[in-house]
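[1] Test case, fold it:
(chains A and B)
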Amino acid sequence: MPSSPRPTVTAPLSPHLQIYRWTWTMAMSVFHRITGTALYGGTALVAIWLVALAAGPAAYGWVAWFFGSILGRLVLFAYTWVLLHHMLGGLRHFVWDVGQGFDRDKRMALARGTLIASVILTVLIWALALLIR
Amino acid sequence: MAKTSPSLRTARSRVKGLGASGHGAGHWWQQRVTAAANVPLMIAFVVVIAMMAGRPYPEAVALVSHPLVALVLILAVISVALHMRIGMQVVIEDYVQDKGLKFAALFANTAYTVAVAAACLYAILRVSLARLV
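    Numbering: from 1, shown residues only, chains lettered A, B, ... in the order given. I've put the predicted structure just below:
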């Protein structure tokens, strides 16, 4: 061994997502990052909407037409859920930041609650918005 | 200090031995502060969007040019822009290993954030201030 040339050492890689059994807390952690990334891209839609408003009635008409279409509404519905999920995920992180909710049952309830509450709130907001209209 | 040292670190920083740490918690804290600010601001944002949906152009302009709405939107854009830039920076630093690519991605992250924020702020100000002139 001492005489042989030193073998190139490949650094050991830590196991990634595919090796672990999926758990609620892990899934919600992944969701938090994915929803955050989606919202990051989604801000472009907000910018387009606002700039169209500033540009005038013609530009605004096009944007309003898109968001009023079935595809546009689907995008907005998904956007609402993604926003609420990320917001509730952030509130869950605040609970953990102050050192609470780490017991098994509590962290599971927090993780499940994030998903359930985000879906319920999304439906509630849309029902309310359509009702008031 | 030896003149041959290629390091730009000061003698004092070397003695303290903390490396680049010392401001590492800055982003962590700013992420929390903007997250807390985002909660009421984004709830208000969702309400504004729900109120705007389906309204004709003059009404949409009137709503965004209301001082309270314009102010809330401006605060939301600033807080969200800061929040999403840090968030995406963490994602990039986690997944992009190549140094050049990472540099490019971090630059693009800043450029995107600034562009989106500037577009939104310009549009809000344009719409809300135009009525005064």
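
[2] use CA for all of it now, contacts and neighbours both
    Fine.

[3] SS state for the residue minimising distance to the centre of chain A?
    With distances taken as Cα atoms, centre = their mean, A:Thr35 lies nearest the centre of chain A, 1.6 Å away. Taking DSSP: H, G, I helix; E, B strand; the rest coil as the rule, one finds A:Thr35 in the helix state.

[4] from the chain's centre, how far out does the lengthiest helix in chain B sit?
    Scanning chain B for the longest helix, with DSSP state H as the assignment, gives helix B:99-130. A distance of 8 Å separates the centroid of the chain from that of helix B:99-130, by Cα atoms, centre = their mean, to the nearest Å.

[5] Who are the packing partners of that helix?
    Helix B:99-130 sits against helix A:24-55, helix B:57-64, helix B:67-95, with contacts defined as 3 or more Cα pairs under 8 Å, 6 or more residues apart in numbering or on different chains; DSSP states H and E.

[6] switch the cut-off to 6 Å
    If you count contacts as 3 or more Cα pairs under 6 Å, 6 or more residues apart in numbering or on different chains; DSSP states H and E, helix B:99-130 packs onto helix A:24-55.

[7] Same question for the helix it packs on: list its buried residues.
    A:25, A:28-29, A:31-33, A:35-37, A:39-40, A:42-54 (16 or more other Cα atoms under 10 Å in any protein chain shown).

[8] where's that helix relative to the chain centroid, distance-wise?
    The answer for helix A:24-55 is 7 Å, by Cα atoms, centre = their mean.

[9] Please apply the same query to stretch A:16-24.
    The chain centre lies 19 Å from the centre of stretch A:16-24; the measure is Cα atoms, centre = their mean.

[10] Ends of it, what's the gap?
    17 Å (Cα to Cα, to the nearest Å).

[11] In contact with the residue nearest to the centre of chain A, which residues?
    Neighbour list for A:Thr35: A:Val82, A:His86 [criterion: Cα atoms under 6 Å, 6 or more residues apart in numbering or on different chains].

[12] same thing but 10 Å
    With contact taken as Cα atoms under 10 Å, 6 or more residues apart in numbering or on different chains, A:Thr35 is in contact with A:Ser29, A:Gly41, A:Tyr79, A:Trp81, A:Val82, A:Leu83, A:Leu84, A:His85, A:His86, A:Met87, A:Gly89.

[13] And for the last one, the neighbour number?
    Neighbour count of A:Gly89, defined by other Cα atoms under 10 Å in any protein chain shown: 25.
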